[in-house]
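> Next come a sequence and a model predicted from it.
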Amino acid sequence: QWRVAESGGGFVQPGGSLRLSCEAFGFSFDYAPIGWFRQAPGKERESISCFDYSDGSTYYADSVKGRFTMSRDNVNNKQYLQMNNLRPEDTGIYYCATERARGSSCPRVRNLSDVWGQGTQVTVSS
């Protein structure tokens, strides 16, 4: 059974950094792109990044480009989202997700993910 679990959220002041983790269970990142999403208070959930390790393709939303970076820990089957220069508008619940389908891709994961974690809260405030 495919499952993902996020961790690493917390409270940080503007300009600070956090690193979120997404651990995969039952599958490998080699075969499934991982997308990061966030839901700000009172707003719809949005796709902010995705990494497809099968071809190395990535996606970053304009709002996080240059500040957020994805990386991978092959040994522990984890993916990380390093978030730097955080802003109050980055506040929200962050989720990692994937699509359980052969041959998935970042465009599909961004819109058709069906394996979701429980989310981790990120609060950026002074």
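Okay, I see it.
> Tell me which residue is most central in the protein.
A centroid search over the chain (CA atoms, centre = their mean) returns Trp36, at 2.4 Å, as the residue closest to the centre.
> Could you list which residues are in contact with the residue nearest to that residue when sequence neighbours are not counted?
Nearest non-adjacent residue to Trp36, counting by CB to CB, 6 or more residues apart in numbering: Ser49, 4.5 Å away. Where C-beta positions appear, they are placed from N, C-alpha and C, glycine not excepted. Applying CB atoms under 8 Å, 6 or more residues apart in numbering to Ser49 gives the contacts Gly35, Trp36, Thr58, Tyr59, Tyr60, Ala61, Val64, Phe68, Met70, Leu81.
> can you rerun that using 6 Å?
The contact partners of Ser49, taken as CB atoms under 6 Å, 6 or more residues apart in numbering, are Trp36, Tyr60, Phe68, Met70.
> Thanks a lot, catch you later.
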